[in-house]
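Undergrad: Structure of the sequence below:
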Amino acid sequence: MSEVKWIKLSLNLFDNRKIKYIRKLPEGNNIILIWIALLTMAGKCNAGGEIFLLEDIPYTPKMLANELDFKENTVKLALSTLERFGMLTIDGDKIVINDWENHQNVEGLDKIREQNRKRVAKHREGKKVSVSNVTSNVTVTQGNATELDIELDTGLEEELRVESKDIIQDVKEDKKEIPKKKEKKSCEGVWLALDEAKLPSTVDSAMREWLNYKDDKNQPYTEQGFKNQLSILKKYLTEFGNETVILVIQDSISRNYEGICFNKCKGFAELNAPKTAKPNFNQNSFNYLMANRLAKSVEENVPGMSVNEETKQAWAADFNAIQNQDGFDPDDIEDTLKYAVLNDFWKTKILNGRDFRNKFTRLYMENTKGERR
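TA: Next up, the predicted model:
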């Protein structure tokens, strides 16, 4: 396997629709990096796209996380996402890259496998020969072999010895779970405090999901720390309501935050607030189309969010105000909106039409500055 030095990657890799969509997901860039790493591992295995440590020892998510230096949850997310998009198949413990022939010269790899098989067979046969015969045979071999054959024959035993030693060591380390971190779990007092808080059932479920999430991250609360968190939670429940706070908790989990990002409550509340949208904009009008485009962006970036018709009409009124009251050209509005919904920072900050109007001048300047470059 040591001769396999390359795989094929298309120059249009990052223009691929699947790749572009995955990059917009939480941990999207890490998923793509893991995808490329998996391709290189499949090339090293040289087994038709299959990925394994040894042929009878498949990789687990934990083993991949250790080898690729990612968190195990990130690797699990990457594998499930890549399988959902049809880029790989997970059959039991087996991981296989789909359409492997697109990433490697399959005929060339078959030739390499056959060469390796013959060389190993030749090496084993040589072991059976007596020391005296080996000495004379080596003299003949060195006199007739090509430079490549000499290099492979003289280095094969050492290469196999070192590779086997490394593989055995990797397996031992994985079994020993080195380094092994002491798992921390929320203490009984934390769960008791949650029970005593007597939260609405939907909020209680969301907080239990949050506690399990924190335990999985090995970041459990202390009893007093969680009681402080409950006090903050109740404040925001009173101000913004159950549904908004639950959305914020779910959003914080999906984005792998260290804490619940309660400062997003206001934006989420405006998304759910009933709107009186007058005038009623035609669905083919410019302002409605812009509002609809913003709504799709918000739904993609806020888990569980659905923007209703009343809200779209209210946002269309905001776009109408940008055009007719603030005096901006429709083309500039459209270009600026495109910039906002594609920008990694702004697409999570612009969550309604009012946000877009309030930040329009800054967004417009950033976008046009980028175009001038």
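
Undergrad: show me the contacts for residue 366.
TA: residue 339 (CB atoms under 8 Å, 6 or more residues apart in numbering). From N, CA and C alone the C-beta is placed, and that goes for glycine too.

Undergrad: what about it, distance to residue 197?
TA: Distance from residue 366 to residue 197, counting by CB to CB, to the nearest Å: 43 Å.

Undergrad: Next: residue 323.
TA: Residue 323 is 48 Å from residue 197, by CB to CB.

Undergrad: Equivalent analysis for residue 258, please.
TA: Distance from residue 258 to residue 197, by CB to CB: 22 Å.

Undergrad: Compare the two and say which is more crowded by neighbours.
TA: Between residue 258 and residue 197, residue 197 has the larger neighbour count (other CB atoms under 10 Å), namely 16 against 9.

Undergrad: Excluding sequence neighbours, find me the nearest residue to the more buried one.
TA: residue 230 (5.3 Å; CB to CB, 6 or more residues apart in numbering).

Undergrad: Disregarding flanking residues, what is the spatial nearest neighbour of residue 232?
TA: Nearest to residue 232 is residue 262, by CB to CB, 6+ apart, at 6.5 Å.

Undergrad: what about that neighbour, neighbour count?
TA: With other CB under 10 Å as criterion, residue 262 counts 19.

Undergrad: The chain: strands as residue ranges?
TA: Per DSSP state E, the chain carries strands over the ranges 50-54, 57-58, 88-91, 94-97.

Undergrad: what's the spacing between the second one and its chain's center?
TA: The chain centre lies 23 Å from the centre of strand 57-58; the measure is CA atoms, centre = their mean, to the nearest Å.

Undergrad: Show me what it is in contact with.
TA: 51, 52, 93, 94, 95, 171.

Undergrad: Only whichever of those are buried, select them in ChimeraX.
TA: Burial among those is assessed by 16 or more other CB atoms under 10 Å; the matching ChimeraX selection reads:
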select :51,52,95
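
Undergrad: Turn the contacts of strand 57-58 into TSV, including pLDDT.
TA: Listed next are the contacts of strand 57-58 as TSV, based on pLDDT from 0 to 100:
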residue	pLDDT
51	90
52	89
93	82
94	87
95	92
171	49
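
Undergrad: quick one: contacts for residue 185?
TA: 215, 220.

Undergrad: Please determine how far it is located from residue 293.
TA: Distance, residue 185 to residue 293, using CB to CB: 44 Å.

Undergrad: again, but for residue 42
TA: 39 Å.

Undergrad: more crowded one of those two?
TA: Remark: of residue 42 and residue 293, residue 42 carries more neighbours, 24 against 16, as counted by other CB under 10 Å.

Undergrad: Just give the closest residue to residue 280, not the sequence neighbours.
TA: In space, residue 280 is closest to residue 313, 6.3 Å off (CB to CB, 6+ apart).

Undergrad: Residue 291 now?
TA: Spatial nearest neighbour of residue 291, excluding adjacent residues (CB to CB, 6+ apart): residue 315 at 3.7 Å.

Undergrad: For burial, what's the neighbour tally of the one you found?
TA: Residues near residue 315, counting by other CB under 10 Å: 30.

Undergrad: Could you check how far it is from residue 336?
TA: Note on residue 315: its distance to residue 336, by CB to CB, is 15 Å.

Undergrad: Residue 71 against residue 65, yeah?
TA: Yes. Between residue 71 and residue 65 there is a contact at 6.3 Å, judged by CB atoms under 8 Å.

Undergrad: which one of those two has more residues nearby?
TA: Set residue 71 next to residue 65 and count neighbours by other CB under 10 Å: residue 65 wins out with 19 against 14.

Undergrad: In contact with the more buried one, which residues are there?
TA: Residue 65 neighbours (CB under 8 Å, 6+ apart): 71, 72, 74, 75.

Undergrad: Quickly name whichever of those is closest to residue 307.
TA: Using CB to CB, residue 74 comes nearest to residue 307 of these, at 29.5 Å.

Undergrad: quick one: contacts for the closest one?
TA: Counting by CB under 8 Å, 6+ apart, residue 74 makes contact with 27, 30, 31, 34, 65.

Undergrad: Give me the neighbour count for the first one.
TA: Just to be clear, that refers to residue 27. By other CB under 10 Å, 21 other residues sit near residue 27.

Undergrad: What of the second one?
TA: One way to gauge burial is a neighbour count; for residue 30, by other CB under 10 Å, it gives 18.

Undergrad: what's the pLDDT at it?
TA: pLDDT recorded at residue 30 is 92.

Undergrad: about what we covered before: nearest approach to residue 205 belongs to which of the strands of the chain?
TA: Here strand 88-91 is closest among the strands of the chain (CB to CB), at 29.5 Å.

Undergrad: which other residues reach the closest one?
TA: Under CB under 8 Å, 6+ apart, the answer for strand 88-91 is 38, 79, 82, 83, 95, 96, 97, 98.

Undergrad: Quick check on these: which are buried?
TA: Buried members of these, scored by 16+ other CB under 10 Å, are 38, 79, 82, 95, 96, 97.

Undergrad: for residue 304, what are its contacts?
TA: 247, 250.

Undergrad: Tell me the spacing between it and residue 246.
TA: Separation of residue 304 from residue 246 (CB to CB): 8 Å.
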